[in-house]
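In: Just a sequence and a predicted model for now, questions to come.
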Amino acid sequence: MKRCHRCGHEWAAEKRQPAVKETCEQCNAYLHCCLNCRFHEPGRPNECHIPNTQGVGDRAGCNFCDEFEFADAEGTSGADRKKGQARDALSRLFEGEAEPGAEEGRDAFSKLFGD
């Protein structure tokens, strides 16, 4: 499901990609922009997964990038997608370590401080 990066409104059209200056029906944000692209990846050079792409000053503004492919948001807004990516990166960092539950955490705290 293709959604606007700003408001999460679904983009439904017969075309595969939005036109360069096409905007969201609900919030008027540009749809053909880095924040809606499946290759947008903060932290990489030019914040793009594809190397050597042309620099873009405004990630939310329309651009003429030939590599643009509308990301499949699966019901999430841009902010939710970024949070999910951050959580995935964190879980990969600590892979193999189980998250203690609330009770296990309290027990460990008690053992540590002798309560």
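Out: That came in fine, so what should we check first? Residues are numbered from 1 along each chain as shown.

In: CA only for contacts and neighbour counts going forward, please
Out: OK.

In: residues in contact with Glu22?
Out: Tyr30, Leu31, His32 (Cα atoms under 8 Å, 6 or more residues apart in numbering).

In: Would you agree the second one is in contact with Cys4?
Out: Yes - taking contacts as Cα atoms under 8 Å, Leu31 lies within contact range of Cys4: 6.4 Å.

In: who touches both of those two?
Out: Cys24.

In: what about Gln54, how many neighbours?
Out: 13 (other Cα atoms under 10 Å).

In: on that earlier part again, which members of the contacts of Glu22 occur in helices, if any?
Out: Among the contacts of Glu22, none falls in helices (DSSP state H).

In: In CSV: these, plus pLDDT, neighbour count and distance to Ala71.
Out: Conversion of the contacts of Glu22 to CSV gives the following (pLDDT from 0 to 100; neighbours: other Cα atoms under 10 Å; distance: Cα to Cα, whole Å):
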residue, pLDDT, neighbour count, distance to Ala71
Tyr30, 94, 25, 14
Leu31, 94, 29, 10
His32, 93, 27, 10
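
In: In JSON lines: those, plus distance to Glu10.
Out: Output for those, formatted as JSON lines (distance: Cα to Cα, whole Å):
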{"residue": "Tyr30", "distance to Glu10": "13"}
{"residue": "Leu31", "distance to Glu10": "11"}
{"residue": "His32", "distance to Glu10": "14"}
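
In: All set now, cheers.
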